[in-house]
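>>> fold the following for me, if possible:
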Amino acid sequence: MIYARFVFPSLLDFAMKYEELTNLRAKMIPAARGVVLEVGIGSGLNLPFYSSSVTKLYALEPSPELLTKARTRSSRAPFPIEWLNTAAELIHLPDSSVDTVVVTWSLCSMHDPGAALGEMNRVLRPDGRLIFIEHGLSPDAGVQSWQNRLTPVWRRLAGGCHLNRKMDDLIRSAGFSIATLEAAYIPGPRPLTYTYAGTGTRT
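Reported below is the predicted structural model:
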């Protein structure tokens, strides 16, 4: 409990400032438009990359400790933010109420990512856009083997994070059509760094 509440949030905040992750944020997040729902805002590291095209942000994060860090980073945001301290599997927003859903490095640690993606699909407008950056299952059999071996231990140390979820399949199975996708390793240990970055729409 002490590790989860007081140690892990600071470790996560530090790790997610890695240069390659920041570069991906800078590439993907400015495409968000209108009313945005960010699912798993964490410590708020995406906030500086939202453009003036955002009119409102719903910031969802189940961890109170990470949400506190995100609030601190939000002081200069040029748009209103509504904070949602809840799990992604039950999003308390009306159907078809947001223009953009953003989810970055969060599906790996959700208890039920399929249900969470179903909720994201539900709240997204028919002409809206999903923006995602996630790490997950490698296409290489040797790396997959290590991902499967490491995941039971890794998820205990890393807030429930699974290394072996095939993110594009999860997204499609929740009713999204993937419009763009770049999937590749970023620098670092291969079991941890196979990354899916792209956009999707409701089918």
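
>>> list the contacts for Gly198?
Ile131, Phe132, Asp168, Ile178, Ala179, Thr180, Leu181, Glu182 (C-beta atoms under 8 Å, 6 or more residues apart in numbering). (Each C-beta comes from the backbone N, C-alpha and C, glycine too.)

>>> what's the separation between the residue of the chain positioned farthest from its centre and Ile81?
Computed with C-alpha atoms, centre = their mean, the residue of the chain farthest from its C-alpha average is Gly142, at 26.0 Å. Gly142 sits 43 Å away from Ile81, going by C-beta to C-beta, to the nearest Å.

>>> center of this protein - which residue?
Judging by C-alpha atoms, centre = their mean, the chain has its centre closest to Thr104, at 2.3 Å.

>>> can you tell me how far that one is from His135?
10 Å.

>>> for this protein, what spans make up the helices?
Along the chain, counting by DSSP state H, helices occupy 2, 8-15, 19-28, 64-73, 113-123, 141-157, 167-173, 190-193.

>>> and the average pLDDT for the longest strand belonging to the chain is what?
If you go by DSSP state E, the chain has its longest strand at strand 124-135. For strand 124-135, the mean pLDDT works out to 98.

>>> then stretch 194-203?
97.

>>> now swap in stretch 19-39 and tell me
The pLDDT scores in stretch 19-39 average 98.

>>> and that stretch, how far out from the chain middle?
Remark: stretch 19-39 is offset 10 Å from the chain centroid, using C-alpha atoms, centre = their mean, to the nearest Å.

>>> try stretch 190-201
The chain centroid and the centroid of stretch 190-201 are separated by 10 Å under C-alpha atoms, centre = their mean.

>>> buried ones in that stretch, by neighbour count?
Residues of stretch 190-201 classed as buried: Pro191, Leu192, Thr193, Tyr194, Thr195, Tyr196, Ala197, Gly198, Thr199, Gly200, Thr201 (neighbour count, 16 or more other C-beta atoms under 10 Å).

>>> nothing else from me, thank you.
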